[in-house]
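Engineer: how would this look folded up:
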Amino acid sequence: MTIGFDDSISPALSRNIQSSADKTRRLLIVSIGLQLGLAVPSLVALVIDDRLINEISVWIKPLKFQASLIVMLGTLLLLLPLIERRVREGRGVWLACMVAAATATGEIAYITLQAARGRASHFNTATATEALAYSLMGVGAALLVLSSLVIGIYILRRPDRSVQAGLRLGAGWGLILGSILTLITAFVLGSGQIAGPGHWVGGIRSDAGGLLLLGWSRTGGDLRVPHFFATHIMQALPILGLLADCLVAQHARWMILGGALVSIAVVVMTFVQALSGQPFL
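Structural biologist: Below is the predicted model of the structure:
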């Protein structure tokens with residue numbers, strides 16, 4: 001009689017593994033819940049608070065970051081099952097998710113607090129406390145992105161047996177490439193070495209009249225554009241991999257390779273466009 005893998009695990013060990021898995025998922029779910037919880041008062045404040053930063057509502061930035069962090073943490077939550085069961089429920093994956101949840105919570109707490117105070121959270125070194133907080137935000141953002149990279153490596157190296165090639169490669173390389181390019185673009189954006197503090201390169205240094213929903217400058221270059229495309233590689237390649245498995249499973253690897261090259265090209269082209277002082281649209 002052949003004993004399956006799951007049958008060889010004792011009931012006590014199985015319960016411990018399941019408990020570890022629940023803790024890992026709970027970390028991400030709680031952090032997503034905090035983002036959602038802060039988004040509600042932020043939306044209310046957007047309507048009733050007329051204070052401005054860079055000529056737009058002080059509450060635009062918190063809302064954009066709340067939405068972005070929900071997507072990022074949700075992506076990790078959805079992709080965790082792609083990792084082999086025992087590895088997924090181990091300490092390494094738990095630590096990566098704990099770092100992601102903690103740094104995301106810290107980032108949004110400070111951004112929302114600064115909005116409530118009518119103060120900028122980014123590029124604000126007006127006081128010693130704000131200068132320190134801005135530096136800590138940079139460290140936290142880097143750790144948040146690196147935690148996604150770690151999950152991507154786990155997906156590639158220790159995938160669940162049931163995961164098809166397209167989704168495995170799309171998810172793994174999506175998180176890895178997205179993390180690396182996000183770190184590069186975020187460093188350039190946050191350093192202020194291109195055209196001084198801020199995301200503008202040429203044009204009017206104001207967020208008023210920016211591109212609908214995204215807010216990108218329509219008068220000059222905007223370093224947020226390549227940063228946006230870099231970050232969302234984390235979602236684009238897994239979706240492409242899932243479609244490849246459904247439609248052309250035999251060519252899934254080539255589709256992911258092509259998608260990765262196109263993604264890198266888009267980030268590079270929009271980065272060069274921003275550096276040249278040209279608006280995305």
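
Engineer: and the next element down the chain from the helix ranked longest in the chain?
Structural biologist: Ranked by residue count under DSSP state H, the longest helix found in the chain is helix 11-48. Next in sequence after helix 11-48, counting helices and strands by DSSP states H and E, comes strand 52-53.

Engineer: and the next helix or strand past that following strand?
Structural biologist: strand 56-57.

Engineer: list the buried residues of the next helix or strand after that following strand.
Structural biologist: Following strand 56-57 in sequence order, the next helix or strand is helix 60-79 (DSSP H and E). Neighbour counts using 16 or more other Cβ atoms under 10 Å place 60-66, 68-70, 72-77, 79 of helix 60-79 among the buried residues. Any C-beta I mention is one placed from the backbone N, CA and C, and that applies to glycine too.

Engineer: pLDDT averaged over the next helix or strand after helix 60-79 - what is it?
Structural biologist: Going down the chain from helix 60-79, the next helix or strand is helix 85-88, by DSSP H and E. For helix 85-88, mean pLDDT is 90.

Engineer: what residues does stretch 103-120 touch?
Structural biologist: 31, 34-35, 38, 42, 45, 51, 53-54, 58-59, 61-62, 65-66, 69, 72-73, 121, 124, 126, 130, 133, 136-137, 140-141, 143-144, 147 (Cβ atoms under 8 Å, 6 or more residues apart in numbering).

Engineer: lowest average confidence, helix or strand, in this structure?
Structural biologist: For the chain, the helix or strand with the lowest mean confidence is helix 11-48, at a mean of 81 (criterion: mean pLDDT, DSSP states H and E).

Engineer: now for that helix, which elements pack on it?
Structural biologist: Packing contacts for helix 11-48, counted by 3 or more Cβ pairs under 8 Å, 6 or more residues apart in numbering; DSSP states H and E, involve helix 60-79, helix 85-88, helix 91-117.

Engineer: so which of these is nearest residue 157?
Structural biologist: Nearest of the helices and strands packed on helix 11-48 to residue 157, taken as Cβ to Cβ: helix 85-88 at 8.6 Å.

Engineer: buried ones in that closest one?
Structural biologist: 85, 87-88.

Engineer: list the contacts of residue 210.
Structural biologist: Going by Cβ under 8 Å, 6+ apart, the list of residues near residue 210 reads 56, 216-218.

Engineer: tell me the SS of it?
Structural biologist: coil (DSSP: H, G, I helix; E, B strand; the rest coil).

Engineer: distance check, it against residue 182.
Structural biologist: 21 Å (Cβ to Cβ, to the nearest Å).

Engineer: what of residue 139?
Structural biologist: 15 Å.

Engineer: how about the contacts made by residue 56?
Structural biologist: By Cβ under 8 Å, 6+ apart, the neighbours of residue 56 are 207-208, 210, 215.
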